[in-house]
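Model the structure of this input:
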Amino acid sequence: MDRPVGSPTGERPAGEIKLACRHVWKLFGPRAEQFLRDNPRPDEEDLRRAGLVPAVVDADLEGRAGEIFVIMGLSGSGKSTLVRCLSRLIEPTAGQIFFEGRDLLRMREREMIEIRRHKMGMVFQHFALLPHLTVLGNVAFPLEVQGVDRATRERRAMEMIELVGLRGRENYFPRELSGGQQQRVGIARSLAVGPELWFLDEPFSALDPLIRREMQNEFLRLQGMLEKTIVFITHDFDEAVRLADRIAIMQDGRIVQIGTPEELILAPATPYVAEFTADAPRAKILTARAVMVPADGIRDFAGEVLPQARIAEIAPAVLADSRPFAVVEGDRLLGAVDREAVLRVLVGGR
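Down below sits the predicted model:
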């Protein structure tokens, strides 16, 4: 048969657990810590009677090395609060947060400062560039804080500026840059310290749609080169499915489901998740593996497709032939994909 249809790069193997949280809570109100010690599993009514506002409720998640882990939900769902707890920018009320196997909540403040300076990068929706510094000065600033000598930090900053496509603008001030260029500076600055864990909180939401798409492309290009462990916050499901290896969906402070984009579409755990995924571009998310049928008894195949090939990618070939395509992985025949299966996805039936 001819070479299988579909890209072989759609799935990333599972890596070691880089970041994890266990039973993390963030409550706002009086005596919240004591309340949770006395009531380790409170319900909404318990919290209301105690005068406490839940921002994060009993959260558990794991982020793997080299993974883009997206946390999403509507405004007020708790996603940004959870990320600030994960980095200890705010203190959780209860729970455990592990980075490289160490519980961050047991660390002294000085240790946390060193971890943020050397192992964590952060990019937020508002660029927070220093207006009196040039692009070069902004990107080099975290290294200056670390005490790196000027020649070394500026050399490293120039490498990051070139990486994000801003070479030639290193002497510009933030006011002289477009929104997309300013966000590139923010990304370069966060990468300058060589972080192992990268937090991005709605970094592109303030940009217009065309620049936002461009920055998503840039982000994926950088991740393909750097393979960072990334926690990315968004309220936009289209953005989430474009970028994510896995997605956690939050509602009212709770993580209601974690899964790949495909898993969320095929098996939403709640009506809330189903509503989020209802208008998703299914053909760009679902794969041949998800829609294949047993190939028992089929002898005449039109060709081969890879199991991770997206339906949108293989649809033209499958629809152009009356015969099914074999879904193959190495030398193994996994199943078959035919016109009917592809048409169900394209018209939204599956």
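
can you list the domains in the chain?
63-92+106-280, 283-346 (automatic domain parsing).

Ok, which of those comes nearest A20?
domain 63-92+106-280 (7.2 Å; CB to CB). In short, each C-beta sits where N, CA and C put it, glycine included.

how about the domains of the chain in JSON lines, adding mean neighbour count, mean pLDDT and distance to G51?
JSON lines is the format used below for those (neighbours: other CB atoms under 10 Å; pLDDT from 0 to 100; distance: least, CB to CB, whole Å):
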{"stretch": "domain 63-92+106-280", "mean neighbour count": "18", "mean pLDDT": "91", "distance to G51": "16"}
{"stretch": "domain 283-346", "mean neighbour count": "18", "mean pLDDT": "93", "distance to G51": "43"}
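
CSV for the ones you listed, including distance to A20?
Converted to CSV, these look like this (distance: least, CB to CB, whole Å):
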stretch, distance to A20
domain 63-92+106-280, 7
domain 283-346, 26
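
all strands in the chain, in order from the N-terminus.
Applying DSSP state E to the chain gives strands spanning 17-28, 53-64, 68-72, 94-99, 102-103, 120-124, 197-201, 229-234, 246-251, 254-259, 304-305, 325-329, 332-337.

Mind putting those strands into JSON lines with distance to A274?
Converted to JSON lines, the strands of the chain look like this (distance: least, CB to CB, whole Å):
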{"stretch": "strand 17-28", "distance to A274": "26"}
{"stretch": "strand 53-64", "distance to A274": "21"}
{"stretch": "strand 68-72", "distance to A274": "14"}
{"stretch": "strand 94-99", "distance to A274": "28"}
{"stretch": "strand 102-103", "distance to A274": "36"}
{"stretch": "strand 120-124", "distance to A274": "30"}
{"stretch": "strand 197-201", "distance to A274": "26"}
{"stretch": "strand 229-234", "distance to A274": "19"}
{"stretch": "strand 246-251", "distance to A274": "11"}
{"stretch": "strand 254-259", "distance to A274": "10"}
{"stretch": "strand 304-305", "distance to A274": "28"}
{"stretch": "strand 325-329", "distance to A274": "27"}
{"stretch": "strand 332-337", "distance to A274": "25"}
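
Can you check which of these gets nearest to L210?
The nearest among these, by CB to CB, is strand 229-234 at 17.5 Å.

That closest one: partners in the sheet, and parallel or antiparallel?
strand 68-72 (parallel), strand 197-201 (parallel) (DSSP bridges).

hmm, back to that, I'd like to know which of the strands of the chain lies nearest to A280.
Across those, closest to A280 is strand 246-251 (CB to CB), at 10.9 Å.

Could you tell me how far the closest one lies from the centre of the chain?
Strand 246-251 sits 10 Å away from the centroid of its parent chain (CA atoms, centre = their mean, to the nearest Å).

Outside of it itself, list whatever touches it.
61, 67, 69-74, 77-79, 82, 240-241, 255-261, 264, 270, 272-273, 276 (CB atoms under 8 Å, 6 or more residues apart in numbering).

How about stretch 149-163?
So stretch 149-163 is contacted by 135-136, 139-140, 143-144, 148, 167, 169-170, 188-189, 191-192, 222, 225 (CB under 8 Å, 6+ apart).

which residues in the stretch 151-300 of the chain form helices?
For the stretch 151-300 of the chain, applying DSSP state H, counting those that start in this stretch gives helices covering 179-191, 209-226, 237-243, 261-266, 271-277, 282-285, 288-291.

Reformat those helices as CSV; add distance to E313.
As requested, the helices of the stretch 151-300 of the chain are arranged in CSV below (distance: least, CB to CB, whole Å):
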stretch, distance to E313
helix 179-191, 28
helix 209-226, 16
helix 237-243, 15
helix 261-266, 14
helix 271-277, 20
helix 282-285, 9
helix 288-291, 9
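
out of the ones you listed, which comes closest to R110?
helix 179-191 (21.5 Å).

what packs against that closest one?
Counting contacts by 3 or more CB pairs under 8 Å, 6 or more residues apart in numbering; DSSP states H and E, helix 179-191 is packed against strand 120-124, helix 135-146, helix 150-163, helix 209-226.

what is the orientation angle of the last one with strand 68-72?
Regarding helix 209-226 and strand 68-72, their directions subtend 140 degrees when assessed with axes from the mean of the first three to the mean of the last three CA atoms, to 10 degrees.

ditto for the shortest one
Computed by the same axes, to 10 degrees, the angle separating strand 120-124 from strand 68-72 equals 40 degrees.

chain center to stretch 22-39, what's the gap?
28 Å.

R49 and P42: what is the separation?
Applying CB to CB, to the nearest Å, the value for R49 to P42 is 9 Å.

Comparing the two, which residue is more hemmed in?
P42 (20 against 9; other CB atoms under 10 Å).

Identify the residues contacting the more buried one.
Neighbours of P42 in contact, by CB under 8 Å, 6+ apart: 35-36, 50.

what comes up buried for stretch 32-43?
32, 35-36, 42 (16 or more other CB atoms under 10 Å).

as a whole number, average confidence for it?
For stretch 32-43, the mean per-residue pLDDT is 94.
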